[in-house]
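> Could you look at this predicted model? Sequence included:
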Amino acid sequence: MVRVSNVTKKLARATYQNKNYGYIWVIVIIFLLAIILFAIFFPQRFHQQTSSIIPENFETYDALMENLDDGDDTEDFANSNDPVLVMFYAPWCGHCQVAKPEFQKLMSRVNSGGRKKAIMINADENKEIARAHNVQGYPTIKYYPRGMNDKNSSKEYSGPRTVDGWLSFMN
């Protein structure tokens with residue numbers, strides 16, 4: 001009787017362990033299927049954008065860069081190698097609404113002599129530009145020491161949102 005009981009216990013233990021492995025395999029398969037389906041239905045998450053930041057329609061790009069004057073050439077600005085500090089913002093964002101007046105003060109100080117050194121881009125209206133520059137929250141403030149066309153050289157600003165803070169970051 002003792003022998004049958006021990007064998008039964010060992011078999012029960014082995015069956016229980018095999019069930020756990022079965023559950024683990026089911027979970028792994030479901031996880032892999034979820035990744036595959038996500039890649040199929042949301043390919044932009046897995047696609048690295050390498051195109052220029054300038055869309056085909058320059059009029060809509062001008063509307064996004066609200067502080068560019070009518071005489072400014074958007075294509076020359078976006079393709080220039082001049083250093084620029086960019087604030088990507090959304091109009092509905094509370095933090096953006098607080099930072100925007102201070103950033104406008106910075107723009108009035110540094111954007112003299114016909115050169116734009118600080119701009120604001122409404123990322124909410126054009127998500128493709130924000131996506132191209134890896135903007136994931138608002139406001140995102142990035143410094144491009146070699147111009148906006150060189151996305152790899154950008155440095156994200158995380159200091160105080162003041163004119164002095166931005167000026168010291170740019171220098």
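On my side now, so go ahead.
> list the contacts for residue 142?
Residue 142 makes contacts with 85, 86, 88, 133, 154, 155, 156, 157, as judged by C-beta atoms under 8 Å, 6 or more residues apart in numbering. Every residue, glycine included, has its C-beta placed from N, CA and C.
> Of those residues, grab the buried ones for PyMOL.
The PyMOL command for the buried members of the contacts of residue 142 (criterion: 16 or more other C-beta atoms under 10 Å) is given here:
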select buried, resi 85+86+88+133+154+157
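> would JSON lines of the contacts of residue 142 with secondary structure and pLDDT be doable?
Supplementary listing: the contacts of residue 142 in JSON lines, determined by DSSP: H, G, I helix; E, B strand; the rest coil; pLDDT from 0 to 100:
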{"residue": "85", "secondary structure": "strand", "pLDDT": "88"}
{"residue": "86", "secondary structure": "strand", "pLDDT": "89"}
{"residue": "88", "secondary structure": "strand", "pLDDT": "90"}
{"residue": "133", "secondary structure": "coil", "pLDDT": "85"}
{"residue": "154", "secondary structure": "coil", "pLDDT": "85"}
{"residue": "155", "secondary structure": "strand", "pLDDT": "90"}
{"residue": "156", "secondary structure": "strand", "pLDDT": "90"}
{"residue": "157", "secondary structure": "strand", "pLDDT": "90"}
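> and the two most separated of the contacts of residue 142?
Using C-beta to C-beta, the two most remote members of these are 88 and 155, lying 13.9 Å apart.
> Please enumerate the strands of this protein.
Residue ranges of the strands in the chain, as given by DSSP state E, are 84-89, 118-122, 140-144, 155-157.
> What lies in contact with the last one?
If you take C-beta under 8 Å, 6+ apart as the criterion, strand 155-157 is touched by 85, 140, 141, 142, 143, 145, 165, 166, 169.
> hmm, back to that, and the strands of the chain as JSON lines, adding distance to residue 101?
Supplementary listing: these in JSON lines, determined by distance: least, C-beta to C-beta, whole Å:
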{"stretch": "strand 84-89", "distance to residue 101": "12"}
{"stretch": "strand 118-122", "distance to residue 101": "11"}
{"stretch": "strand 140-144", "distance to residue 101": "14"}
{"stretch": "strand 155-157", "distance to residue 101": "17"}
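> Report the helix or strand with the lowest average pLDDT across this structure.
For the chain, using mean pLDDT, DSSP states H and E, the weakest element among its helices and strands is helix 58-64, scoring a mean of 43.
> distance of residue 24 from residue 37?
Taking C-beta to C-beta, to the nearest Å as the criterion, residue 24 is separated from residue 37 by 21 Å.
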